[in-house]
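J.: Structure of the sequence below:
(2 chains)
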Amino acid sequence: MSHSGTKVVQYMITVVVLLTLNFFLPRMMPGDPLAYLMGDPGADSPMLLTEEMRANLLEYYGLDKPLVGQYWDYVSGLARGDLGWSIYFNAPVGSVILGRLKWTLVVGGTAAVVYIALGIVLGAFSAWHRGGSADVGLMIGIFSLGSWPPFFLGMVLIVFFSGRWGLLPIGGAQSAEAARLGGIVQVRSILRHGFLPVLTLVLTHLPGMYLITRNAMLSVLGEDYVRTARAKGVLESIVLLRHALPNAILPVVTTVGMRVGFMLMGTMFVEVVFAYPGMGTLIYEAGTARDYPLLQGAFLVTMVFVLVLNLAADVVYGWLDPRVRRLRAGD
Amino acid sequence: MSNTSRWLGIIGWGVLGFFALVALLAPWIAPHDPKALDEPMLPPSLTHPLGTNDIGQDVLSELVYGARFSLLVGALAAGFSTVVGVILGVLAGYYDRFGFALMRIVDVFLAVPRFPLIVFLAAFLKPGFWTLVFFFMFFGWTKTARLIRSQVLTERHHGFVEAAVAVGADDVRILARHLLPGTASIGLVRFIVEFQHVILAESGLSFLGLGDPTVKSWGSMLRYAFEYPTIFISDVWVRWAAPPGVCITLVVLGLTFVGFALETWANPRLERRAG
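T.: The predicted model follows:
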């Protein structure tokens, strides 16, 4: 089986594992299965059920069927795009998630582009000036900033930019007015609201990208082909850009693929701190409200998303690395 | 070892040592029982150097005991993960069929993003201290195992292993006395990285209110500070939110520096290469 074939199969297995985990987890929860559907009993809705009502509800939700039957219902529901009904929002889980997903992509996506690009540039620069004051200073500076836990960093930024200097809003994705007015006003509001979250994310994840690139560049710069290029008299900048960097990028791609989950964690913290209406806050709210269907759906979507990104990173790597390309061509 | 690495190492160990000491001596250093209640939101004074929080607990004592919890969870989880990862990795590297099977399992584990899963589990299962340690350990061993396995795969063809086999050493001896020591450098680095991840994740979980509610941790201090209505516009954050945040940062930074110094120490070639 070809390399990409095995990978895809692997990912599919992981998806199945995740689906099954997602299915079993609420059922393993201590207590009443109806509590799962109705939210935490005794918390908000004191519902007194007669035996008959219970039986009816169990039948309605298909909970009286054997486990296999329930699993089949679950999977077929997913195939139809039915993720359940959110108790907290009183809406289909799918639509709630869709509404939130775009904001996470806005903030997380923008930040990712920035810190990946910046990390590569700074890492390469550092490697080039290895050991010099620029390198050491950059390294210490970047690491000092990146060691901050993202939620704390966010809080500090809010205190200064919003609290003290009143330059930027405290939270949210856009002001309600701007959403209503649309157009350039809305765009400006979104940019203003998104600036601090993106900044926090960039600062949190920059050190990782920077370090990987720097290390990759350092190993590459010690390779024979770089020495040959230099011996041939190639300009140092060309050596860096056209000989070293393309090869150093490869481990960076792999690392980005591996770190997607970690990046998601950072996004989640940042969203909560800035009250940004993305998937992160959704998971948080669903968890706090014990809205299990929503939590389940959000979790599933998040995991699938991460898997897709992992797979994409693998594919991109295979496409970039000419050795792998040649290997695949020979399949 | 270059001057920079040496200095970074010294600073790193110094910071870590300081916090470890604070964590160990917490009951003697903390001025009050962190759960004892006084008047809420008191400003800093002699009795309460950092004031009190929103329900009247001494912030400094919270901070000191928080060191205990955060460092303990981090050290235990990272320690267990590393030990398990190294052992499984060595076995996987030496025994091919086991290794292959284990790596497929590791693949699945690694493809699953740790943190959303932990959030999910925490929301359902409301973890206490040991459950948390178990969670982190459960996911932490995989990368280490994979890295160690790669190393063992290369090393087992090296001269010293073949010599041991030729002399008639049994498997256990080869594994324990020849292959295992070589894993120390990778193991150390992985321990440090895992430690950092766990501290960040644990404080993050506590920040989200998904950790152990009965325990004082730096993350939970930040959580209550964050939920306090005027936290962003008053000066309270300096004495209440900044200390735990800075502490987490310092520990992570200390670990980074130590890790950096260790890597250079274990791998002097890293410094000399690059022409």
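J.: domains for chain A, by residue range?
T.: Following automatic domain parsing, one gets these domains for chain A: A:45-82, A:95-330.
J.: what about whichever strand or helix holds A:L157, near chain B?
T.: Element membership for A:L157 (DSSP states H and E) is helix A:150-157. Yes - using C-beta under 8 Å from any C-beta of the partner chain, helix A:150-157 comes into contact with chain B via A:150-152, A:155-156. Every C-beta, even on glycine, is put in place using the N, C-alpha and C of the backbone.
J.: helix, strand or coil for A:Y88?
T.: Of the three states, A:Y88 takes coil under DSSP: H, G, I helix; E, B strand; the rest coil.
J.: how distant is stretch B:133-150 from the center of its chain?
T.: 13 Å (C-alpha atoms, centre = their mean, to the nearest Å).
J.: buried stuff in it?
T.: For stretch B:133-150, the buried set under the neighbour-count rule, 16 or more other C-beta atoms under 10 Å in any protein chain shown, comprises B:133, B:135-149.
J.: Past the longest helix seen in chain A, which element shows up next along the chain?
T.: Longest helix in chain A, counting residues (DSSP state H): helix A:183-221. Later in the chain than helix A:183-221, the nearest helix or strand by DSSP H and E is helix A:224-232.
J.: Can you name the residues of the stretch 51-200 of chain A that neighbour chain B?
T.: A:127, A:130-131, A:136, A:143-144, A:147-152, A:155-156, A:158-159, A:162-163, A:170.
J.: hmm, back to that, redo the residues of helix A:150-157 next to chain B as JSON lines? Include distance to A:G278 and neighbour count.
T.: Formatted as JSON lines, the residues of helix A:150-157 next to chain B follow (distance: C-beta to C-beta, whole Å; neighbours: other C-beta atoms under 10 Å in any protein chain shown):
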{"residue": "A:P150", "distance to A:G278": "14", "neighbour count": "26"}
{"residue": "A:F151", "distance to A:G278": "14", "neighbour count": "28"}
{"residue": "A:F152", "distance to A:G278": "19", "neighbour count": "28"}
{"residue": "A:M155", "distance to A:G278": "18", "neighbour count": "26"}
{"residue": "A:V156", "distance to A:G278": "21", "neighbour count": "17"}
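J.: Tell me the spacing between B:D107 and B:P44.
T.: 52 Å (C-beta to C-beta, to the nearest Å).
J.: Could you check which of these two is surrounded by more residues?
T.: Higher neighbour count among B:D107 and B:P44: B:D107, with 17 against 14, using other C-beta atoms under 10 Å in any protein chain shown.
J.: Would you quantify the distance from that one to chain A?
T.: Distance, B:D107 to chain A, using C-beta to the nearest C-beta, to the nearest Å: 6 Å.
J.: would that residue count as being in a helix?
T.: Yes - counting by three-state DSSP, B:D107 is part of a helix.
J.: ok, now which ones touch it?
T.: A:10, A:14 (C-beta atoms under 8 Å, 6 or more residues apart in numbering or on different chains).
J.: Nearest spatial neighbour of B:L50, chain-adjacent residues omitted?
T.: B:V59 (3.8 Å; C-beta to C-beta, 6 or more residues apart in numbering or on different chains).
J.: That should have said A:T14, apologies.
T.: B:A111 (4.5 Å).
J.: can I assume the one you found is in contact with A:A313?
T.: No - using C-beta atoms under 8 Å, B:A111 is not in contact with A:A313; the gap is 11.1 Å.
J.: Can you get me a residue count around the residue in chain A that chain B sits nearest to?
T.: Nearest residue of chain A to chain B: A:G261, at 2.8 Å (C-beta to the nearest C-beta). Residues lying near A:G261 (other C-beta under 10 Å) number 22.
J.: which non-adjacent residue is nearest it?
T.: A:G261 sits nearest to B:P113 (C-beta to C-beta, 6+ apart), 2.8 Å away.
J.: Contact partners for the one you found?
T.: Applying C-beta under 8 Å, 6+ apart, the residues contacting B:P113 are A:260-262, A:264-265, A:302-303, A:306.
J.: From the residues of helix A:150-157 next to chain B, pick the one nearest A:L295.
T.: A:F151 (20.2 Å; C-beta to C-beta).
J.: which residues touch A:Q296?
T.: Contacts of A:Q296 (C-beta under 8 Å, 6+ apart): A:22, A:25-26, A:83-84, A:93.
J.: With neighbour count added, can I get those in CSV?
T.: CSV is the format used below for the contacts of A:Q296 (neighbours: other C-beta atoms under 10 Å in any protein chain shown):
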residue, neighbour count
A:N22, 18
A:L25, 20
A:P26, 17
A:L83, 21
A:G84, 19
A:V93, 25
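J.: So which of those residues sits lowest on pLDDT?
T.: When the contacts of A:Q296 are sorted by pLDDT, the bottom entry is A:P26 at 67.
J.: Pick out the residue closest to the middle of chain A.
T.: When C-alpha atoms, centre = their mean is applied to chain A, the residue found nearest the centroid is A:L264 (2.9 Å).
J.: Look at it and report its pLDDT.
T.: On the pLDDT scale, A:L264 is placed at 80.
J.: pretty sure it is touching A:V306, no?
T.: Yes - judged on C-beta under 8 Å, A:L264 makes contact with A:V306 at a distance of 6.2 Å.
J.: Tell me where chain A has strands.
T.: Assigned by DSSP state E, chain A shows strands spanning A:85-86, A:91-92.
J.: Which one, of these, ends up nearest to A:S219?
T.: strand A:85-86 (49.0 Å).
J.: From B:M103, how far out is B:S150?
T.: 10 Å.
J.: Also A:G166?
T.: 54 Å.
J.: With neighbour numbers in mind, choose between these two.
T.: More neighbours surround B:M103 than the other of A:G166 and B:M103, with 16 against 9 (other C-beta under 10 Å).
J.: what's the pLDDT at that one?
T.: Listed pLDDT for B:M103 reads 87.
J.: Hmm, B:I148 and it touching each other?
T.: No - using C-beta under 8 Å as the test, B:M103 is too far from B:I148 to be in contact (11.6 Å).
J.: Near chain B, which residues of the stretch 201-331 of chain A are found?
T.: Looking at chain B, the residues of the stretch 201-331 of chain A close enough under C-beta under 8 Å from any C-beta are A:215, A:217-219, A:221-222, A:226-227, A:230, A:258, A:260-262, A:264-265, A:268-269, A:272-273, A:283-284, A:286-288, A:290, A:292, A:295, A:299, A:302-303, A:306-307, A:310.
J.: I figured B:A30 hits B:G66, correct?
T.: No - applying C-beta under 8 Å as the test, B:A30 and B:G66 come out as separate, 10.1 Å apart.
J.: can you tell me which residues contact A:W148?
T.: Contacts of A:W148 (C-beta under 8 Å, 6+ apart): A:156, A:203-204, B:245, B:248-249.
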